[in-house]
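*Asks:* fold the stuff below for me.
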Amino acid sequence: MTEKKVKSIAVMTSGGDAPGMNAAVRAAVRMGIHSGLTVYGIHSGWQGAVDGGESIEEMHWWSVGGILQRGGTFLGTARCDRFRQREGRREAAVNLYKLGVEGLMVIGGDGSLTGARILSEEWPELLREAAALGQIDLPEGQAPTLAVVGLPGSIDNDTYGSDMSIGADTALHRIVTAADQLVSTASAHHRTFVMEVMGRHCGYLALASAVAAGAQWVIIPEQELDPRWHQKMIASLKRGAAAGRRHNIIMVAEGARHPDGLPLNTTTVKNVLDRRLHTEARVTVLGHVQRGGAPSAFDRVLSTRLGAAAVENLIQYGAGKPPRMLGIVDNKVHATPLAEVVDKSRRVGEKVDEGNHKSALDLRGHSFQDQLDLLELLTGSEPQEKNPQGNLLVVTTGHDSPGMNAGVRILTRVALDSGYKVFGATYGFEGLLEGEIRKLGWMDVSGWASNGGSELGAGRITLTEQDLPAITKVLEENQISAMMMLGGMDAYENAAFIKKHQADHPALSVPIILIPASINNNLPATEFTIGADTALNNIMSALDKIKDTAGSNKRAFVVEVFGHDCGYLALMASLASGAEQMYLPEEGISLQQLADDVETLREGFERGKRLSILILNERASQAYNLNMVQSIMEEEGGELFDVRSVRLGHTQRGGSPSPFDRILAARLATAAIETLQSLNESASDCLCLGLRGKHIIATELDVALAEIAWPNERPKEEWFMELRELARIL
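*Replies:* The predicted structure is shown next:
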């Protein structure tokens, strides 16, 4: 296949809609126009391609304005039986060829991507047939090609070739929010709720939401049920009730099956619960609520990255490479041949149909199996009997961070199940110095997953040599054999201080494992910290509300966000909200930059713009703070536009943690106990855990701190900074 660079592309959404599709279309359209391409939008999926005419519309910069925060797909989607026939595909090829389309970007699931692959393969023959019928003029000797790039758009997260598909994170938000709300009424009535979530062949949503929401049981297609599965479930629920649990949430994927392979519906589960528990269970079927509403911050960023990358891929390779899908793998954009994507995505369903559940789970990968194993442990009512392993002290320190409680819950239960006794320090090191620690039992942490803040308390204090005797006394009296610290830079610096003095104080010579928890995402040895995703979603919620004021006046908003010396929140908020400018501490602010930005605002409002948003990190500049930036812009804007300032403050760290943060906390906490058990008995290691790509990695504290760009409290290398240009282009 000869390589041909594209000059004109078309973008379409197909199959079931997924939150984030609009963000992907917006990124593709604007990146295409920025790169000098002609860009078309195909309405109603393959149906629009077959119909042609007004269904295929040339896109302009303003065509995709204001759609970033909207759910669904503004291009629309529809089933098309005609496209399944060769004649229909020929009609689609003719319509696209007449417009000069040389590249096609399709956002959808395996059915949509299969259609794109077939169209690309048949393209030359379809056009020759059309020429023979007199439908088009095809120059003699021309070998027409169609470059195709797909993006994974499916809330089920069942597309091979991407760690997450567009829409899956938002669907998790919907499910977990509903589960949290059900817990309130379930606890009041000592009631059991059965929740049915989407996932015909994939149990990702049911499994991930069960881990995030603290459900008591899960039933998914990939896991083979024991013939007596209902007896095991009832026995587990009864043990929980005897231990003091007041409610039960049972997660069921819509594709769940009986041991004989027949569909298992929620009514059957309810009937079992009613009969065996002598109670009246309630069934909640979320249905299409899961795919509705504004996309989460994660989905907006993911979709934007993939949409822009798809255009760059089409420009770089054209039809010189076979049809491919771009996904996110190890936090990097990765291309996989469409044929492989479709084959392996469908293979899981085939294995489930065959009853080969082991192969189905193997295809899902280690992370999926790890979550399943963790959930099996967590749904117990008490730890298993194990040989005593020692006493573990848990400290949440520094600023509180959403997801800390989820982490402590998992730490406590996994540690207890491994044979440790667990103690928690009240208000971090502040309470530890006063000897205020308490023993944590299995049911003590029940219900913590959805709570914001820190149930243990997370006071801020910088340790000094005068504090060493008090810490030593507490560790000795409680025979502490290891410490787990959840927190931000304060935790890392205090851990380094303790490590420095271990030689002089033997009681301090215990393993210390650090779990990164900070909304600022400014810690070394990890790409994401617990709490950052929740903070970003809180910012998005505020910015979406600000956008609602666009109809009132011509107005620019300068919005200050947290971050300390790290620009993660400001940059990602800009990317996810479509802000006109962002001010980062990594770059600083100059007077000339402010002057240029004012001029850009003036030009925009003169052309009819009604709203502009500028994101300011709290430490972007010592001289140009929020009030100063507002004053300069308001003065220079004159009567053309007003300027308002918004300081989001602690609303960014408040509220229930997002599913991403809960699951990240669960993974890190589980890895912390596994790491501790892998150390020698006499070890006094000090390790930092972090998520790098999709793997949890342990790094020596000294090595991790060497990554910090002191005196600034942020890593020297920040992966997200490579997205600056993209944010400013769009």
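*Asks:* please make it C-alpha for all contacts and neighbour counts, starting now.
*Replies:* OK.
*Asks:* residues in contact with stretch 177-189?
*Replies:* Identification of contacts with stretch 177-189 by C-alpha atoms under 8 Å, 6 or more residues apart in numbering yields 191-193, 213, 246-249, 450.
*Asks:* can you lay out those as a markdown table showing secondary structure, pLDDT and neighbour count?
*Replies:* A markdown table is the format used below for the contacts of stretch 177-189 (DSSP: H, G, I helix; E, B strand; the rest coil; pLDDT from 0 to 100; neighbours: other C-alpha atoms under 10 Å):
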| residue | secondary structure | pLDDT | neighbour count |
| --- | --- | --- | --- |
| R191 | coil | 85 | 18 |
| T192 | strand | 90 | 27 |
| F193 | strand | 93 | 23 |
| A213 | helix | 94 | 27 |
| R246 | coil | 82 | 16 |
| H247 | coil | 85 | 22 |
| N248 | strand | 90 | 23 |
| I249 | strand | 93 | 25 |
| S450 | coil | 94 | 24 |
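*Asks:* dump those to JSON lines, plus distance to A18.
*Replies:* Shown next, in JSON lines, are the contacts of stretch 177-189 (distance: C-alpha to C-alpha, whole Å):
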{"residue": "R191", "distance to A18": "32"}
{"residue": "T192", "distance to A18": "30"}
{"residue": "F193", "distance to A18": "26"}
{"residue": "A213", "distance to A18": "22"}
{"residue": "R246", "distance to A18": "35"}
{"residue": "H247", "distance to A18": "32"}
{"residue": "N248", "distance to A18": "30"}
{"residue": "I249", "distance to A18": "26"}
{"residue": "S450", "distance to A18": "25"}
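*Asks:* nearest to S684, of those residues?
*Replies:* S684 lies nearest to S450 out of the contacts of stretch 177-189, by C-alpha to C-alpha, at 33.2 Å.
*Asks:* quick one: contacts for the closest one?
*Replies:* Counting by C-alpha under 8 Å, 6+ apart, the residues that S450 touches are 180, 212-213, 403, 405-406, 656-657.
*Asks:* for it, give its distance to K5.
*Replies:* Taking C-alpha to C-alpha, to the nearest Å as the measure, S450 falls 50 Å from K5.
*Asks:* cool, and K473?
*Replies:* 70 Å.
*Asks:* could you do S303 as well?
*Replies:* On the measure of C-alpha to C-alpha, S303 and K5 end up 24 Å apart.
*Asks:* okay, those two: which has more neighbours?
*Replies:* S303 (34 against 17; other C-alpha atoms under 10 Å).
*Asks:* the closest residue to that one other than its chain neighbours - how many residues pack around it?
*Replies:* Nearest non-adjacent residue to S303, counting by C-alpha to C-alpha, 6 or more residues apart in numbering: A24, 4.5 Å away. A24: 30 surrounding residues under other C-alpha under 10 Å.
*Asks:* helix/strand/coil for A24?
*Replies:* helix (DSSP: H, G, I helix; E, B strand; the rest coil).
*Asks:* that one and D299 touch, don't they?
*Replies:* No. Taking contacts as C-alpha atoms under 8 Å, A24 lies outside contact range of D299: 9.4 Å.
*Asks:* show me the shaky parts of this protein.
*Replies:* Applying pLDDT under 70 to the chain picks out residues 1-4, 381, 550-552, 682.
*Asks:* domain-wise, how is it divided?
*Replies:* 8-166+295-329, 168-291, 390-530+657-705, 533-653 (automatic domain parsing).
*Asks:* same list, the ones you listed, but as TSV with distance to R714 please.
*Replies:* Formatted as TSV, the domains of the chain follow (distance: least, C-alpha to C-alpha, whole Å):
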stretch	distance to R714
domain 8-166+295-329	22
domain 168-291	27
domain 390-530+657-705	5
domain 533-653	6
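*Asks:* looking at the contacts of S450, which are in helices?
*Replies:* 180, 212-213, 405-406 (DSSP state H).
*Asks:* which pair in those spans the largest distance?
*Replies:* D180 and N405 (14.5 Å).
*Asks:* counting neighbours around each, name which of the two comes out higher.
*Replies:* Between D180 and N405, N405 has the larger neighbour count (other C-alpha under 10 Å), namely 28 against 21.
*Asks:* hang on, isn't the more buried one packed against A449?
*Replies:* Yes. The criterion here is C-alpha under 8 Å, and N405 meets it with A449 at 5.9 Å.
*Asks:* list the buried ones in stretch 544-559?
*Replies:* 546-547, 554-559 (16 or more other C-alpha atoms under 10 Å).
*Asks:* what is the neighbour count of E725?
*Replies:* 9.
*Asks:* wait, what's in contact with E102?
*Replies:* 6-9, 145-147.
*Asks:* just put the residues you listed in JSON lines and tack on secondary structure and neighbour count.
*Replies:* Shown next, in JSON lines, are the contacts of E102 (DSSP: H, G, I helix; E, B strand; the rest coil; neighbours: other C-alpha atoms under 10 Å):
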{"residue": "V6", "secondary structure": "coil", "neighbour count": "23"}
{"residue": "K7", "secondary structure": "coil", "neighbour count": "18"}
{"residue": "S8", "secondary structure": "strand", "neighbour count": "20"}
{"residue": "I9", "secondary structure": "strand", "neighbour count": "28"}
{"residue": "T145", "secondary structure": "coil", "neighbour count": "24"}
{"residue": "L146", "secondary structure": "coil", "neighbour count": "28"}
{"residue": "A147", "secondary structure": "strand", "neighbour count": "30"}
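*Asks:* dump those to CSV, plus distance to L374.
*Replies:* Converted to CSV, the contacts of E102 look like this (distance: C-alpha to C-alpha, whole Å):
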residue, distance to L374
V6, 48
K7, 50
S8, 49
I9, 45
T145, 49
L146, 46
A147, 43
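*Asks:* using CSV, write out every CA atom in the helix or strand containing E674.
*Replies:* According to DSSP states H and E, E674 maps onto helix 659-678. The C-alpha coordinates for helix 659-678 follow below in CSV (Å, rounded to 0.1, in the frame of the first residue of the first chain):
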residue,chain,number,x,y,z
PRO,A,659,-14.2,6.5,41.1
PHE,A,660,-10.7,7.0,39.6
ASP,A,661,-9.3,8.1,43.0
ARG,A,662,-11.1,5.3,44.9
ILE,A,663,-9.7,2.7,42.6
LEU,A,664,-6.2,4.2,42.5
ALA,A,665,-6.3,4.3,46.4
ALA,A,666,-7.4,0.6,46.4
ARG,A,667,-4.6,-0.4,44.0
LEU,A,668,-1.9,1.5,45.9
ALA,A,669,-3.0,0.3,49.3
THR,A,670,-3.1,-3.3,48.1
ALA,A,671,0.4,-2.9,46.6
ALA,A,672,1.6,-1.4,49.9
ILE,A,673,0.8,-4.5,51.9
GLU,A,674,2.2,-6.8,49.1
THR,A,675,5.4,-4.7,49.1
LEU,A,676,5.7,-4.8,52.9
GLN,A,677,5.4,-8.6,52.8
SER,A,678,8.1,-8.8,50.2
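*Asks:* flag every buried residue along it.
*Replies:* 659-673, 676.
*Asks:* can you give me the strands in the stretch 101-250 of the chain?
*Replies:* 103-108, 147-152, 192-197, 217-219, 248-253 (DSSP state E, counting those that start in this stretch).
*Asks:* pick the most deeply packed of those strands.
*Replies:* strand 147-152 (a mean of 31; mean count of other C-alpha atoms under 10 Å).
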